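[1] coords please:
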Amino acid sequence: MNSCASTNLDLATMFTGLIEHLGRVAVIDELDASESGGGGWSMTIADASPILDDCHIGDSIAVNGCCLTVTHFDSDTFKVGLAPETLSRTNLGELKVGARVNLERAVAAHTRFGGHFVQGHIDDVVTICNREQDGNSLRLTFKVPPATQTRPSLLPYIIQKGFIALDGASLTITFVDDQSQTFGVMLIAHTQSKIELANKPVGATVNVEVDMVGKYVEKSIAAALGSFESSGPSSPLKTLIERTIDNAIQSRLK
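    Numbers count the residues shown, from 1 in each chain. Prediction:
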C-alpha cells in the first residue's frame, strides 16, 4: 500500500507527466500499525471512472505526482495507502476531503509518450511564492526549500528550459534564480484547465520530482571523479582529463 518502490526504467512503473483526469478526495482514514507500520493513512479518490476501466488491484496510479498502489476500486473510486515516508515527503498529508487531485495511470507499452520520464517518486515540496497573469497564460514562481543533511538542494537539477514534474504535471522551466532559490513555469490556457496547479494560491505547497537524467549524470560524474582520484598515474581517464586541461591552458596562453 506504499508508494512505488521501483527505480528501474520499467514502463510498468513510469509516467509521462500528462495528467489524465482530476479526481476528488472522498475519504481519508488513519491506519493502525498492523496496516501501515504506524502513522500511515488510507485515501479513497472519487470521480475517477475515466481512468478505472482497465484498473486492477496492485496497479500504479500517480496522485499529485506520487506513485501509489491501488488496494481497492470500484467503477468510480479507488483506494491507496500512504506510508509515513510518503506523508513526510509529499503534500498528500495536507489534503482534505473534497480536494481535487491530479491523476495519471502508469504508462502502457502502446502509449504515445508526450511528456518526459516521470517515476512518481517525489523529491520534496516547493511553495508557490508568486502568481502572475500573462495574457491568457499564468506564470507561477516557486520557492525551493533549503538543503538539509538528509535532503540536498534541488536547485542543481533545475535548469532553464529543462523538464520538471509539479504535482505530477510535466512542465518546462522558464527561469531559475539560484540566489533567491526560486524557479518559474508558465501554464497555457489549455494546461490551466487540465491540472489543479492552476487553482493553487500563493503559499500552497506543490510536489516536485526533478528530471531523473540530471541525477544519473551527477552520479556518473561523481563515480568518474572518484575513479580519477583513486587511479594510478597511467589511468586513461586521468590522462584524458590532464590533456584536456593542458590544451585549455595552452590555448589561453597563445
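[2] for the protein, which segments count as strands?
    In the chain, the strands defined using DSSP state E lie at 21-30, 41-46, 60-63, 66-73, 78-82, 100-105, 124-134, 137-143, 163-166, 169-177, 182-187, 205-210.
[3] give me the distance from the fourth one to the chain's centre.
    Computed by Cα atoms, centre = their mean, to the nearest Å, the chain-centroid distance of strand 66-73 equals 17 Å.
[4] ok, and what's touching that strand?
    Defining contact as Cβ atoms under 8 Å, 6 or more residues apart in numbering, one finds that strand 66-73 is touched by 1-4, 13, 15, 42, 52, 55-62, 78-82, 86, 90, 92, 106, 119-122, 168, 207. Where C-beta positions appear, they are placed from N, C-alpha and C, glycine not excepted.
[5] list the buried residues of it.
    By 16 or more other Cβ atoms under 10 Å, the buried positions in strand 66-73 come out as Cys66, Cys67, Leu68, Thr69, Val70, Phe73.
[6] tell me the mean pLDDT over that strand?
    Model confidence over strand 66-73, given as mean pLDDT, is 95.
[7] in the stretch 151-254 of the chain, where is pLDDT below threshold?
    Within the stretch 151-254 of the chain, the stretches with pLDDT under 70 are 222, 224-242, 252-254.
[8] ok, the residue sitting nearest the centre point of the chain - contacts?
    The centre of the chain sits closest to Glu209, judged by Cα atoms, centre = their mean, with a distance of 2.1 Å. Residues near Glu209 by Cβ under 8 Å, 6+ apart: Gly65, Val118, Gln119, Gly120, His121, Ile122, Asp123, Ile164, Ala165, Gly168.
[9] next one, pLDDT for the third one please.
    The model reports Gln119 with a pLDDT of 87.
[10] ok, it touching Gly17?
    No. Gln119 is beyond contact range of Gly17, at 10.3 Å (criterion: Cβ atoms under 8 Å).
[11] excluding chain neighbours, what is closest to Val25?
    Ala99 (4.7 Å; Cβ to Cβ, 6 or more residues apart in numbering).
[12] now that neighbour: how far from Gly40?
    As judged by Cβ to Cβ, to the nearest Å, Ala99 and Gly40 stand 19 Å apart.
[13] more neighbours, those two?
    Gly40 (21 against 15; other Cβ atoms under 10 Å).
[14] phi, psi of that one?
    phi -90, psi 170 (degrees, to the nearest 10).
[15] and Ile221, how far from Gly214?
    11 Å.
[16] can you tell me the closest non-neighbouring residue to Val202?
    Ile128 (5.3 Å).
[17] still on that earlier bit, right, so of the strands of the chain, which gets closest to Pro156?
    Closest to Pro156 of those is strand 205-210 (Cβ to Cβ; 8.9 Å).
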